[in-house]
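Asker: Below is the sequence, then the predicted model.
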Amino acid sequence: MAVEKTAPAIELINVSRRFLSPTGKSLTAIRDFTMTVERGEFVAVVGPTGCGKSTTLNLVTGLASPSAGEVRVMGAPVKGIDPRIGFVFQTDALFPWRTVIENVMAGPLFRGKPKAQAQASARDWLARVGLARFEQHYPHQLSGGMRKRVALAQTFINGPEILLMDEPFSALDVQTRVLMHEELLRLWSEAKASVVFVTHDLEEAIALADKVYVLTAGPATVKSVYTIDLPRPRIVADIRYEQRFIDYSRTIWADLKEEVETSYARAAA
Amino acid sequence: MTDATVNIPTAAFRPGTSDAEIEAAAAKAAAHRRHTVTFWRLGILVVFLALWEIAGRMAWIDPFFYAMPSSIAGRLYEWITEGTSEGPLWYHLYVTMEESVLGFVTGSVAGIIIGVALGRNRMAADIFSIYIKVINSIPRVVLAPIFIMILGLGLASKVALAFVMVFFVVFHNAFQGVREADRAMIANARILGASDWQLTRSVIVPSAMSWIFASLHVSFGFAIIGAIVGEFVGSRYGIGLLINIAKGSFDAAGMYAAIVIVMVVALGAEYLMTIVESRLAKWRPQPLHETQ
């Protein structure tokens, strides 16, 4: 058990993932992918569209298994869905037929908690994301930003030690997105979870993360890793005007740009 | 329930009108539209019945075959007040309803269970799909004589026929609904900790529910068809029997009267179903004009 305590939260060691396209062709989504996420670390993964960023997350959840290499969570190989993992989706994954509070209660109830306890805890989390007044609403009655808050509460209520986020805020407008960044950083600093945040938005990645992984155009592999040494707590709305932020942004973009261009040229061909 | 695109007179929007004036104009336009719809609906019915009656009385059509609204109404009145030649009308109606409801309930429950089970299990679906296709290709009514031979003239044979009428419709929709369940939602539930059974019960079935309900709407009508066809082929009671007897005695009014009864019952059932559905589907977004 001593080993488990000190092991990184997530390790992907020389992982490849191949799959069959609907037409029966074998495709490689990621290749020789190596990444380590320390406990409590916030890692952002950026790369060109469709390069296989989401695949890395599915490997960590256990929803997909690697074709080669090894995926370890808290020092142990991944076998099935790990209860210590939380996932925030790009698309709306709330249950539309349940009220807001029933959505947030889903996790604890699935995990066999008594209803009263689940309800109390859901109330608490809804208050923390500022939706206490919307308990009895249905998801369709909320704005996109509010639905994302529900999704965050739904995920955080399970007390995940690892939080995987797949372009969670890409569907939101710019102002709402900045608010959600603040919200996420606040929740994260309280929960002390390890985060992998997949995005195609470089500024979002720099503003949030401790480390930024830049992926190559598909099949994805790690091109370079940048440590973002900006002080915390960060004010996301303001940080983008700081000189060091701009420097990071320029350096990493120079790196990412090549891959985006490769990917674009390939799509056009 | 009308998808009213209310035509507000453009004059209402001229500069200087208050919001209240515009709203009043809109309310007036909506009321006017509702009245127009009701007027034409009733008008068409009245004209149709009147033409039928006149055509019968003027002998443009032979009332012996086509009856007349007045004689149909007369027959209905007679059945209601004095009963039919085969006993009280209500008993026949009760028998047909009992057969339909039993067939409907058993057929839809079986359809939902098997549809969801096969929808969740791709292997089983691939194996059984060929048999379902084959059985589904049989026109259901040809089973009536077989059921009556096996199960007799009573309740069981009609329920069995109503069952097969309902089962396949519901099965197909339940199956399809399960297949269409959103993948992100399923992944979300699994990561939140849902077991297979919890996933089926609290994610798959609710998300298939709108598909299932669409089939329940039509399938109560199918259950009635099953019951009545069964009664045609052989029975001692039921609306189908009344139609059969009316046919045997060349009583056109009796046949149409029985059809009217079935029509009213089917519409009533449809209405009930709509109420139940809107209760269950209160989570669904309402069209804007209904929330106003």
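Answerer: Good, I have the coordinates.
Asker: Just give the closest residue to residue A:161, not the sequence neighbours.
Answerer: Of all residues not flanking residue A:161 in the chain, residue A:84 sits nearest, at 4.3 Å (CB to CB, 6 or more residues apart in numbering or on different chains). Glycine gets a C-beta too; all of them are placed from N, C-alpha and C.
Asker: what does residue B:242 give?
Answerer: residue B:258 (4.8 Å).
Asker: In contact with residue B:120, which residues?
Answerer: B:178, B:200, B:204 (CB atoms under 8 Å, 6 or more residues apart in numbering or on different chains).
Asker: Can you flag the buried ones in those?
Answerer: B:178, B:200, B:204 (16 or more other CB atoms under 10 Å in any protein chain shown).
Asker: Narrow those to those in strands?
Answerer: Secondary structure defined by DSSP state E assigns none of these to strands.
Asker: Helix, strand, or coil at residue A:86?
Answerer: strand (DSSP: H, G, I helix; E, B strand; the rest coil).
Asker: Any idea how many residues pack against the closest residue to it other than its chain neighbours?
Answerer: What sits nearest to residue A:86 in space, not counting adjacent residues and going by CB to CB, 6+ apart, is residue A:160, at 3.1 Å. Counted with other CB atoms under 10 Å in any protein chain shown, the neighbours of residue A:160 add up to 22.
Asker: Quick check: can you list the domain ranges of chain B?
Answerer: Following automatic domain parsing, one finds the domains of chain B at B:10-61, B:71-291.
Asker: Figure out which of the ones you listed is closest to residue A:238.
Answerer: With CB to CB, the closest approach to residue A:238 among the domains of chain B belongs to domain B:71-291: 33.1 Å.
Asker: How far does the closest one sit from its chain's centre?
Answerer: The chain centre lies 8 Å from the centre of domain B:71-291; the measure is CA atoms, centre = their mean, to the nearest Å.
Asker: So for it, mean pLDDT?
Answerer: Domain B:71-291 carries an average pLDDT of 90.
Asker: Contacts only, for residue B:164.
Answerer: B:107, B:140, B:143, B:226.
Asker: do that again at 6 Å, thanks
Answerer: Residues near residue B:164 by CB atoms under 6 Å, 6 or more residues apart in numbering or on different chains: residue B:140.
Asker: Helix or strand: which one has it?
Answerer: Applying DSSP states H and E as the criterion places residue B:164 in helix B:155-179.
Asker: I'd like the next helix or strand past that helix.
Answerer: Next along from helix B:155-179, by DSSP H and E: helix B:183-192.
Asker: need the residues of chain A near chain B, please.
Answerer: A:61, A:63, A:81, A:87, A:89, A:91, A:93, A:96-97, A:106-107, A:110-111, A:138, A:140 (CB under 6 Å from any CB of the partner chain).
Asker: run the last query once more with 8 Å
Answerer: A:61, A:63, A:81, A:83, A:85-87, A:89-99, A:106-107, A:110-111, A:138-141, A:154-155, A:158 (CB under 8 Å from any CB of the partner chain).
Asker: Now a PyMOL select for only the buried ones of those.
Answerer: Here is the PyMOL command that picks out the buried ones among these, judged by 16+ other CB under 10 Å:
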select buried, chain A and resi 61+63+81+83+85+86+87+89+90+92+93+94+95+96+97+98+99+106+107+110+138+139+141+154+155+158
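Asker: Please tell me how far the nearest residue to residue B:226 once chain neighbours are set aside sits from residue B:225.
Answerer: Leaving aside its sequence neighbours, residue B:226 sits nearest to residue B:162 (CB to CB, 6+ apart; 3.5 Å). When distance is defined by CB to CB, to the nearest Å, residue B:162 is 8 Å away from residue B:225.
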